[in-house]
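*Asks:* Give me coordinates for this.
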Amino acid sequence: MKSQSPPRSLVVVADVGAELFHVGDEAMLAANLAALRRQDPAVQVTVIGRGAAAAGALADADGLFLSGGGNLCSSWPDLLRQRVQLLREARRRDLPVATGGQTIGPELAAAERAALAEALAGVTHLGVRELPSAALALQMGVPPDRLSYQPDDAFFLAGRPPAAEEVPACPEEPFLAVTLDPAFRARLSSLAAQLARIVAESGLHLAFLPHVGPLGRPGDEDGGVGSALCQLLRMEGIACTLLPVMPPEPVVWLTQRAALVVSSRYHPLVFATAAAVPCLGIYRDAYTRIKLQGALAHVGMETWCLSAAIAEEGGLLEAFRRLWGRREEARGTMEGARASIGLREGRRWQLLLARLGWQQEAGEAPEAALFGWPAGQLAGAALGALALEREAGDAETWRLRAVVKHLESSAGFAGRALLRRRRKSMEGSTMLTEQQWNDYSRDGFLHLGKVLEPEALEALKQRADDLALGSVRNPDVQMQLDTGGAYEELPAAVGSFEGGTILYRKIQGLETDELFSRLVKHPLFLEICACQYGQHSAVSIFRAMVMNKPAGQGTILPWHQDGGDVWALDRDPLVTVWVALDPATRANGCMDVVPGTHRLGLLSLYGSTVEEEDVERYCLPERVQPLEVEAGHAVLLHNWLIHRSGVNPTPLPRRAFTACYMDGRTQSTLTGNYFPLVSGSLSAEPYPFVRQLQEENRTLRQMREEAERYAKSLEAERYARSQETAQENRPDMSRLWLLRNLLRRS
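*Replies:* Prediction:
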């Protein structure tokens with residue numbers, strides 16, 4: 001009789017078992033367990049939840065499976081540590097490891113990143129939910145053939161109507177489903193007012209679906225926000241149904257019956273897009289933005305995501321109006337995407353099970369060349385991710401520039417040439433290379449490429465002229481008239497010109513202007529500041545202004561350096577970004593520089609204009625280089641670089657925007673005041689990065705202690721085995737004694 005092989009045993013790790021019920025984490029686990037049991041109804045599954053000990057869990061297992069989630073991030077150090085320990089143990093036992101859809105990073109402390117990279121080296125199949133996560137995995141050494149770009153594990157989870165005991169009454173249709181996390185309590189009144197307008201304009205009813213809290217009740221987490229929102233809406237005469245926290249299946253069913261979904265949580269977007277329900281995501285930080293945009297990207301809706309700041313300032317109503325007006329188009333886009341997702345998911349599960357050893361791995365389909373996606377589609381998706389990174393206004397996302405750029409260099413898919421051409425037109429959105437930094441260090445300047453599109457360019461030029469003409473007023477802006485005379489005889493800056501004129505030399509204080517402030521916070525510029533001043537430093541602005549060479553004139557700006565006591569600062573700024581609003585050419589008085597002179601330091605502590613003897617010594621004609629720059633392109637300048645500019649004899653103006661960035665701790669030596677921050681914040685701690693270093697040291701100590709315990713356990717095991725071997729090889733002393741006595745008698 002043929003013997004039957006024992007059933008497979010699989011350890012599944014999921015973020016479940018916490019005091020508060022998390023619908024999304026439970027949904028991913030439910031979907032994965034159902035998929036595994038469809039493949040093998042007899043499989044024996046052991047679920048390891050939040051906080052469960054890893055030791056011994058894999059003793060009798062045939063493999064390890066990580067259910068999807070966003071836990072591979074320093075924001076959740078305990079969960080990250082648990083997964084790293086399990087991955088290490090599985091590798092030690094030579095067990096196959098596969099994962100569902102993971103979000104990796106973007107926040108990873110150095111020690112945790114190193115530990116995760118080492119642990120991922122043993123994973124046979126790594127699923128990622130977003131392209132930035134895929135790129136980060138590639139950076140950490142995961143081979144492309146082990147990566148799978150996939151939707152969330154719960155994308156195809158089937159819903160069911162809620163039971164009577166689960167929800168008192170379903171919301172009246174058609175309804176708008178809203179889910180907000182507790183971070184939105186502070187400015188909830190603005191969102192409530194906008195939701196009231198949305199109800200009045202669309203005729204939709206409102207329903208609040210809490211995502212985290214005690215099962216069966218709204219609770220104080222999301223439900224607390226929902227309760228406060230309902231109260232505010234009642235004051236506007238609007239009813240809102242507040243639902244309790246429910247199991248995943250009824251939440252899926254209700255979400256997919258909504259006319260539209262607004263959510264700051266990830267899984268409501270997953271459930272809705274799976275049924276082609278239009279969605280708006282609202283994020284507060286880089287981690288949430290990457291997740292929400294990632295959920296929407298799988299169905300081609302990634303642009304329908306806005307920051308909390310924009311939403312709270314009236315942007316929610318505007319975005320709703322646009323999406324509501326295009327809802328049929330949005331549904332068509334999502335329905336078309338769902339069919340191809342289904343095909344890819346079937347192939348993904350076949351590959352995943354093969355790598356767990358459940359079946360033989362089939363040859364890869366030619367159209368699924370990378371991460372389980374056709375190369376052409378993946379190239380388009382990568383370009384979309386790059387575009388979103390460029391447009392993101394969150395200063396904390398600058399770290400992802402290198403991650404997304406690495407996707408292009410590491411992937412090797414068919415659309416590489418297209419992606420490279422696109423990147424050349426988007427140089428402002430990519431991390432500077434090591435060679436570029438070397439060139440900047442050598443020369444004191446660096447061409448950054450295009451940072452403004454034509455529409456934005458025209459808007460900024462028009463705004464500068466409008467300010468000078470007085471058609472737009474800003475009390476914080478100062479202007480200086482261009483007289484065409486000597487630099488030393490220029491008039492003082494004024495708040496406005498009598499009668500208005502476009503013959504201005506400069507307009508300063510533009511960090512307070514709505515349009516120019518966006519350019520001040522361009523992600524590439526903030527990234528440069530982070531590299532120059534330190535990732536942990538806040539960044540402030542000393543000045544942001546438009547410099548103009550009016551048509552047919554202009555003031556000669558003599559050789560000078562930017563810095564010194566004349567600026568009255570307690571430390572010298574080092575970073576200036578110069579953006580051409582009009583083409584800057586030799587013909588219209590472009591800037592001249594002397595490469596490398598920044599390495600001289602300030603030639604005078606007083607700073608500013610260079611003395612004639614120093615001009616004769618350092619500004620030799622053969623060393624002078626004109627900086628010709630296309631409109632919309634930028635140049636990075638070291639403040640100590642010696643530079644000048646001439647007049648503009650052409651019939652067109654030559655305008656440029658320039659911003660000088662400083663370490664956020666810089667103070668005026670005259671007033672003691674700080675300057676406006678454009679990135680980060682000033683803490684009561686003098687050096688906030690010390691806390692992070694302490695946390696990293698604490699993690700390293702914990703890793704060392706864990707390694708020492710593991711080494712001691714191995715040593716103890718080795719000693720025990722040696723004792724057993726010695727015992728087995730020890731001679732029988734009683735027999736030796738008897739033999740010796742016999743020999744003596746004989």
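
*Asks:* can you pull the buried residues of stretch 500-515?
*Replies:* Buried positions in stretch 500-515, judged by neighbour count with 16 or more other CB atoms under 10 Å: Ile502, Leu503, Tyr504, Arg505, Lys506, Ile507, Gln508, Gly509, Leu510, Glu511, Asp513. Using the backbone N, CA and C atoms, a C-beta is placed for each residue, glycine as well.

*Asks:* okay, it in PDB with CA atoms only?
*Replies:* Taking only C-alpha atoms (Å, rounded to 0.1, in the frame of the first residue of the first chain), the coordinates of stretch 500-515 have been written out as PDB:
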ATOM      1  CA  GLY A 500       4.600 100.700 -11.400                       C
ATOM      2  CA  THR A 501       7.400  99.700 -13.800                       C
ATOM      3  CA  ILE A 502       9.000  96.600 -15.200                       C
ATOM      4  CA  LEU A 503      12.500  98.300 -15.000                       C
ATOM      5  CA  TYR A 504      13.300  96.600 -11.800                       C
ATOM      6  CA  ARG A 505      16.600  95.100 -10.700                       C
ATOM      7  CA  LYS A 506      15.300  92.800  -8.000                       C
ATOM      8  CA  ILE A 507      12.200  91.700  -6.200                       C
ATOM      9  CA  GLN A 508      13.000  90.100  -2.800                       C
ATOM     10  CA  GLY A 509      10.900  88.400  -0.100                       C
ATOM     11  CA  LEU A 510       9.400  86.000  -2.600                       C
ATOM     12  CA  GLU A 511       9.500  83.100   0.000                       C
ATOM     13  CA  THR A 512       6.200  84.700   1.100                       C
ATOM     14  CA  ASP A 513       4.700  84.500  -2.400                       C
ATOM     15  CA  GLU A 514       2.300  81.700  -3.100                       C
ATOM     16  CA  LEU A 515       3.800  80.800  -6.500                       C
END
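
*Asks:* What lies in contact with that stretch?
*Replies:* The contact list for stretch 500-515, computed with CB atoms under 8 Å, 6 or more residues apart in numbering, reads 459-460, 463-465, 467-471, 474, 476-482, 490, 493, 497, 516-517, 520, 541, 543-548, 550, 553-555, 653, 657, 659, 676, 678.

*Asks:* 7 Å instead?
*Replies:* If you take CB atoms under 7 Å, 6 or more residues apart in numbering as the criterion, stretch 500-515 is touched by 459-460, 463-465, 467-470, 474, 476-482, 490, 493, 516-517, 520, 541, 543-548, 550, 555, 676.

*Asks:* where's Leu126, which helix or strand?
*Replies:* strand 125-128 (DSSP states H and E).

*Asks:* Following element in sequence after that strand, please.
*Replies:* The C-terminal neighbour of strand 125-128 among helices and strands, as given by DSSP H and E, is helix 131-139.

*Asks:* Which strands or helices does that following helix pack on?
*Replies:* Under the contact definition 3 or more CB pairs under 7 Å, 6 or more residues apart in numbering; DSSP states H and E, helix 131-139 sits against strand 97-104, strand 125-128, strand 147-149, helix 375-391, helix 400-411.

*Asks:* in the stretch 201-350 of the chain, which segments are predicted with low confidence?
*Replies:* In the predicted model, the stretch 201-350 of the chain carries no residue with pLDDT under 70.

*Asks:* can you give me the strands in the stretch 451-600 of the chain?
*Replies:* 478-481, 504-508, 539-549, 557-561, 575-580, 591-593 (DSSP state E, counting those that start in this stretch).

*Asks:* of those strands, which approaches Leu243 most closely?
*Replies:* When the strands of the stretch 451-600 of the chain are compared by CB to CB, strand 539-549 sits nearest Leu243, at 43.2 Å.

*Asks:* Could you check how far that closest one is from the centre of its chain?
*Replies:* Taking CA atoms, centre = their mean, to the nearest Å, the mean C-alpha location of strand 539-549 is offset from the chain mean by 28 Å.

*Asks:* what are the C-alpha coordinates of it, in CSV please?
*Replies:* The C-alpha trace of strand 539-549 is given here as CSV (Å, rounded to 0.1, in the frame of the first residue of the first chain):
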residue,chain,number,x,y,z
VAL,A,539,16.6,74.4,6.4
SER,A,540,15.7,78.1,6.4
ILE,A,541,15.7,80.7,3.6
PHE,A,542,17.9,83.8,3.8
ARG,A,543,16.5,85.4,0.7
ALA,A,544,14.4,84.4,-2.3
MET,A,545,14.3,87.0,-5.1
VAL,A,546,14.0,87.6,-8.8
MET,A,547,17.0,89.3,-10.4
ASN,A,548,16.3,91.2,-13.6
LYS,A,549,18.3,92.7,-16.4
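
*Asks:* what's in contact with that strand?
*Replies:* For strand 539-549, contacts defined as CB under 7 Å, 6+ apart pick out 464, 482, 504-508, 510-511, 516, 520, 526, 529, 533, 573, 588-589, 647-648, 653-662, 664, 666, 674-680.

*Asks:* on that earlier part again, spell out which two among the buried residues of stretch 500-515 are the most distant pair, please.
*Replies:* Across these (CB to CB), the longest gap, 23.8 Å, separates Leu503 and Glu511.

*Asks:* packing partners for the one helix or strand Gln723 maps to?
*Replies:* Secondary structure assigned from DSSP H and E places Gln723 in helix 689-729. Counting contacts by 3+ CB pairs under 7 Å, 6+ apart, helix 689-729 packs against helix 110-120.

*Asks:* Now do the helix it packs on: which elements does it pack against?
*Replies:* Packed against helix 110-120 by the contact rule (3+ CB pairs under 7 Å, 6+ apart) you find helix 77-92, helix 689-729.

*Asks:* if we can go back for a sec, direction included, what does the strand holding Leu126 pair against?
*Replies:* Strand 125-128 has the following strand partners under DSSP bridges: strand 97-104 (parallel), strand 147-149 (parallel).

*Asks:* Can you lay out the helices and strands packed on helix 110-120 as a markdown table showing distance to Leu452, mean neighbour count and mean pLDDT?
*Replies:* Rendered in a markdown table, the data for these read as follows (distance: least, CB to CB, whole Å; neighbours: other CB atoms under 10 Å; pLDDT from 0 to 100):
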| stretch | distance to Leu452 | mean neighbour count | mean pLDDT |
| --- | --- | --- | --- |
| helix 77-92 | 39 | 19 | 91 |
| helix 689-729 | 33 | 11 | 73 |
